[in-house]
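> Fold the following and give me the result.
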Amino acid sequence: MANGAATLFGFLVLASMVKLGFVSGGSHDYAMALRKSILYFEAQRSGVLPPNQRVSWRASSGLFDGKANGVDLVGGYYDAGDNVKFGLPMAFTVTMMSWSILEYGKHMAAAGELRNAMDAVKWGTDYFIKAHPEPDVLYGEVGDGDTDHSCWQRPEDMTTSRQAFRVDPQHPGSDLAAETAAAMAAASIVFRGTYPGYANLLLVHSKQLFEFADKYRGKYDASITVARNYYGSFSGYGDELLWAAAWLFEATEDRFYLEYLAGNGEALGGTGWSINQFGWDVKYPGVQVLAAKFLLQGRAGEHAAALQRYRQNAEFFVCSCVGKGAVNVARTPGGMMYHQRWNNLQFVTSASFLLTVYADFATMSGRGAVQCPAGAAQPFEILKFVKSQVNYILGDNPRGTSYMVGYGASYPRQVHHRGASIVSIKRDPSFVSCQEGYSSWYGRQAGNPNLLDGAIVGGPDEYDDFADERDNYEQTEAATYNNAPLLGVLARLAASCGGLKEADDDEQETATPVVNRTSSSLLAPAQPRRHGGFGVRHSASAIEIEQNVTRTWAMRRRTYYQYAVTVTNRSRRKTVSELHLGLSELRGRLWGLEEARYGYVPPRWLPALRPGRSLRFVYVQAAPPANVWVTGYKLV
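All right, here's what the predicted structure looks like:
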């Protein structure tokens, strides 16, 4: 009953806040939020901490990493609240920090934070140089997630395994190697003006890693199997190969990388995947935004047609995020973009960054509004929406809670983080064992003894509900890749916010709820050509989807329909591989597809569709037909 009363009260509060339009009591200090967000990375450092370390409750840790493998792997970042160094999310973190600096470094400098941001990038790239001791060898993980997660210890006290795991020609990891190549290419641009020798070294490593990733293809979690349950590569490696090529073109202006990006768009999914989720696993929207940037800047040359296809998918991302697509990202009652319960804010911060840079690209190129199915999205409208998402994170939400630790009056106190939740080793140097950590510290009802300043936690659920409890790791654990994309957005907002001025004029208006059609895998279904009520949907140029009723019957005063869906490869010469389908409004049982991370996929015995071949599946429900569309595919 207590839970029911709390829920009722929450709905009453929510209703009153929606009526008031979530008018904030005052503007946010984005410069302070930026400082804190960068500071958080110092709490995540592994290795020998420098004399200018500002997070004073941390000490050096992981000082023998790599020793058992005969290589120096000291340094880098712990990814979240544990003590493992996972290469894939670490590399994505560094890529996004670098991109933030490249777009908004002047704004960071104005806030006095550019040097700190560059130091945060270099802490990661110094480690990547160590982790890449040979052209075709890359160490992608230090520590074992399984043993680490059975232990609750400060990183300074670690007794868990520090075994290192690598990819090489016999054990490939294209996604890991290519993401690390992207990180080092992007970082090389960051250091080009101040540290040219270091920038050139990063470029050498980046080019070697890209060549390694492309030549020896395979998913890294098939080689480093201990990563599979923590950072499995669900999207494959095609997006990372394109991502790395885009960043190498940006860093070098070498047309080889642009030709790779343009020529492999179909085979690696860059022009076939339209999805509105961007993060450490799936990079397609980021690739598409970069490709659109090259096009808008007039750098496409003879590849303009290919980059235009990338741009169409980039604008699908923009439209679906701002609520003007055919199928939009879901939003909570309080207005937050919502993808999943576990660490949803990672997708809010990463989408906010892509939206910000795309709006600025469109403005600077004179492109103007993005044409969406539900109407044009002006750059200032896009930026206004981004500001609403950032303000939600900083406290303008139904709970009045800031999801950045240390910002505002109300923020999470029991963050799921080993180091923050145990007394600092500098205050009490007594050794804390694995089990003592659980018995004495993990279950404490009090707030953490150390402030994880600036950390963006996982955040609330689809109803804006949040439980500040240490064991609620889905909501209270922070991660480096939550913060990294936000650096650029906060720097943009901390400046004069020129592109937001038009939006600020009507900031006090009552909020208008956005009605969204949503799905778990998000590509807009095309409008059907009607044939007797149900018919063909053209979701992609190479693929045709036809949906028909094949049987009806009545049971218990309800009419049930059996729907048959045929998905056909209409390409004359190319095979469709890695097909992903999206389904929404599905209320019955489904046969003939398997559920995957990004939608539904054909059964394992049908890995590809040859030209002219079809896939058929059926579902039954006492309702109108479901929406069926293509989320992504590759043409080989």
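
> Quick one: residues contacting the residue nearest to Tyr284 when sequence neighbours are not counted.
Residue nearest to Tyr284 in three dimensions, not counting chain neighbours: Trp273, with 4.3 Å by CB to CB, 6 or more residues apart in numbering. Any C-beta I mention is one placed from the backbone N, CA and C, and that applies to glycine too. By CB atoms under 8 Å, 6 or more residues apart in numbering, the contact set of Trp273 is Asp239, Tyr284, Asn313, His580, Thr631, Gly632, Tyr633.

> In a markdown table: the residues you listed, plus neighbour count and pLDDT.
Output for these, formatted as a markdown table (neighbours: other CB atoms under 10 Å; pLDDT from 0 to 100):
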| residue | neighbour count | pLDDT |
| --- | --- | --- |
| Asp239 | 28 | 97 |
| Tyr284 | 29 | 97 |
| Asn313 | 26 | 95 |
| His580 | 23 | 87 |
| Thr631 | 25 | 79 |
| Gly632 | 28 | 81 |
| Tyr633 | 25 | 85 |
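
> excluding its backbone neighbours, what's nearest Ala246?
Closest to Ala246 by CB to CB, 6+ apart is Leu290, at 4.3 Å.

> which of the contacts of Trp273 lies closest to Thr480?
Asp239 (19.7 Å; CB to CB).

> Kindly provide the distance from that closest one to Leu486.
Asp239 is 21 Å from Leu486, where distance means CB to CB, to the nearest Å.

> show me where pLDDT drops low in the stretch 301-450 of the chain?
Applying pLDDT under 70 to the stretch 301-450 of the chain flags no residue at all.

> Equivalent analysis for the chain, please.
In the chain, residues with pLDDT under 70: 1-26, 496-541.

> residues touching Tyr403, list them.
So Tyr403 contacts Leu345, Ile393, Leu394, Tyr411, Pro412, Ile456, Val457, Gly459, Pro460, Phe466 (CB under 8 Å, 6+ apart).

> Pipe the residues you listed into TSV and attach neighbour count and secondary structure per row.
TSV is the format used below for those (neighbours: other CB atoms under 10 Å; DSSP: H, G, I helix; E, B strand; the rest coil):
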residue	neighbour count	secondary structure
Leu345	27	helix
Ile393	27	helix
Leu394	24	coil
Tyr411	21	coil
Pro412	29	coil
Ile456	30	strand
Val457	31	strand
Gly459	30	coil
Pro460	24	coil
Phe466	20	coil
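
> Out of the residues you listed, which comes closest to Ile545?
Leu345 (33.7 Å).

> What separation do you get for the closest residue to that closest one other than its chain neighbours and Glu469?
Closest residue in space to Leu345, ignoring its immediate chain neighbours: Gly459 at 3.7 Å, by CB to CB, 6+ apart. Taking CB to CB as the measure, Gly459 falls 14 Å from Glu469.

> ok, back up a step: the residue nearest to Tyr284 sits in which helix or strand?
Counting by DSSP states H and E, no helix or strand carries Trp273.

> In a helix, Gln562, correct?
No: counting by DSSP: H, G, I helix; E, B strand; the rest coil, Gln562 falls outside a helix, being strand.

> what residues are up against it?
Gln562 neighbours (CB under 8 Å, 6+ apart): Val549, Thr550, Arg551, Thr552, Val618, Tyr619, Val620.

> Just the buried residues of the residues you listed.
Neighbour-count burial (16 or more other CB atoms under 10 Å) is assigned, among those, to Val618, Tyr619, Val620.

> sorry, back to before: who's in contact with the residue nearest to Leu345?
Met336, Asn343, Asn344, Leu345, Val348, Ile393, Tyr403, Phe466, Gln475.

> still on that earlier bit, closest to Ile189 among the contacts of Gln562?
Minimum distance to Ile189 across the contacts of Gln562 is 48.8 Å, recorded for Tyr619 (CB to CB).

> My guess is the closest one contacts Glu585. True?
No: using CB atoms under 8 Å, Tyr619 makes no contact with Glu585, being 10.7 Å away.

> who touches both of those two?
Counting by CB under 8 Å, 6+ apart, the shared contacts of Tyr619 and Glu585 are Ala626.

> Let me see the ranges of the strands in the stretch 451-600 of the chain.
536-540, 543-555, 558-569, 576-584, 589-591, 594-596, 599-601 (DSSP state E, counting those that start in this stretch).

> nearest to Arg162, of those?
strand 594-596 (33.1 Å).

> show me the contacts for Met404.
Under the criterion of CB under 8 Å, 6+ apart, the neighbours of Met404 are Ala33, Lys36, Ser37, Ile393, Leu394, Tyr411, Gly454, Ala455, Ile456.

> Let's see that with 10 Å instead.
Counting by CB atoms under 10 Å, 6 or more residues apart in numbering, Met404 touches 32-33, 36-37, 40, 345, 390, 393-395, 411-412, 453-457, 478, 482-483, 486, 490.

> Over to His303?
Arg255, Leu258, Glu259, Leu261, Ala262, Gly263, Gly265, Ala291, Phe294, Leu295, Tyr310.

> And for Ala59?
So Ala59 contacts Val48, Leu49, Gln53, Arg154, Pro155, Glu156, Asp157, Gly419, Ser424, Ile425, Lys426, Pro429 (CB under 10 Å, 6+ apart).

> Inside helices: which ones of those residues?
In this view, the contacts of Ala59 that belong to helices under DSSP state H are Gly419.

> Flag every buried residue along the one helix or strand Leu202 maps to.
In this assignment (DSSP H and E), Leu202 forms part of helix 196-215. Within helix 196-215, the residues scored as buried using 16+ other CB under 10 Å are 198-199, 201-203, 205-210, 212-214.

> same deal with stretch 83-100?
Of the residues in stretch 83-100, 83-100 count as buried by neighbour count, 16+ other CB under 10 Å.

> What of stretch 335-352?
Per 16+ other CB under 10 Å, stretch 335-352 contains these buried residues: 335-339, 343-352.

> Extract the CA atoms of that stretch and return them as CSV.
C-alpha atoms of stretch 335-352 as CSV (Å, rounded to 0.1, in the frame of the first residue of the first chain):
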residue,chain,number,x,y,z
GLY,A,335,10.1,15.0,-21.2
MET,A,336,13.3,12.9,-21.0
MET,A,337,14.2,10.8,-24.0
TYR,A,338,13.8,7.2,-23.0
HIS,A,339,15.4,4.0,-24.4
GLN,A,340,15.9,1.6,-21.6
ARG,A,341,15.8,1.4,-17.8
TRP,A,342,19.5,0.5,-17.4
ASN,A,343,21.6,3.6,-17.7
ASN,A,344,19.2,5.5,-19.9
LEU,A,345,21.1,8.8,-19.5
GLN,A,346,24.0,7.6,-21.6
PHE,A,347,21.7,7.8,-24.7
VAL,A,348,20.3,11.2,-23.6
THR,A,349,23.8,12.8,-23.4
SER,A,350,25.1,11.2,-26.6
ALA,A,351,22.0,12.2,-28.6
SER,A,352,22.2,15.7,-27.2
